[in-house]
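Participant: my questions are about this predicted structure, shown below with the sequence.
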Amino acid sequence: MHSSNKTELKKLVLRISGAHPEKCMKCGKCSAACPAFDEMEIHPHKFAQMVLDERVEELATSKGIYKCMSCFACLERCPRDVKPAKIAEAARAVYLRQQGASYMKQDEIPSKLDDEIPGQALMSAMRKYNK
């Protein structure tokens, strides 16, 4: 991806999320509070740095980030108000918007289901990505 596109993605994620990734001191409290930590290959304490490094597409396409339940435990634990869950939600939204108007077709849903994903995460995703 072209550098200016990466910069625009970063700006968009920051605008949508209202997050402050530059405040992150990498203490790991957000990751320690995350109930989905074991399911993620990129953990909440890394979200801020990935956005700062303009690696939004990599973050948004990681499989683990979709295991986030949007419980906001990371927001509660963060001593610097970085808002890692809001960064994750914004990265997913920006990436999905790039895919076009049809995010997911109804017949694709059964292939996405996983017995290990909490129902809360599924309902949250349907609310966020439905028009």
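Facilitator: Alright, I've got the coordinates.
Participant: what's near enough to touch Ser70?
Facilitator: 85, 89, 120-121, 124 (Cβ atoms under 8 Å, 6 or more residues apart in numbering). Where C-beta positions appear, they are placed from N, C-alpha and C, glycine not excepted.
Participant: low pLDDT regions in this protein?
Facilitator: Applying pLDDT under 70 to the chain flags the ranges 1-2, 100-106, 109, 119, 122, 125-131.
Participant: how does it look with 80?
Facilitator: Applying pLDDT under 80 to the chain flags the ranges 1-4, 98-131.
Participant: middle-most residue in it, spatially?
Facilitator: Ala88 (1.8 Å; Cα atoms, centre = their mean).
Participant: and that residue, what element?
Facilitator: helix 84-99 (DSSP states H and E).
Participant: now tell me what touches that helix from outside.
Facilitator: Contacts for helix 84-99 (Cβ under 8 Å, 6+ apart): 9, 12-14, 16-19, 21, 30, 44-45, 47-48, 51, 56-57, 59-61, 65-66, 68, 70-72, 74-75, 78, 103, 128-129.
Participant: among these, the buried ones, what's the PyMOL command?
Facilitator: In PyMOL, this line selects whichever of the contacts of helix 84-99 come out buried by 16 or more other Cβ atoms under 10 Å:
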select buried, resi 9+12+13+14+16+17+19+21+30+44+45+47+48+51+56+57+59+60+65+66+68+70+71+72+74+75+78
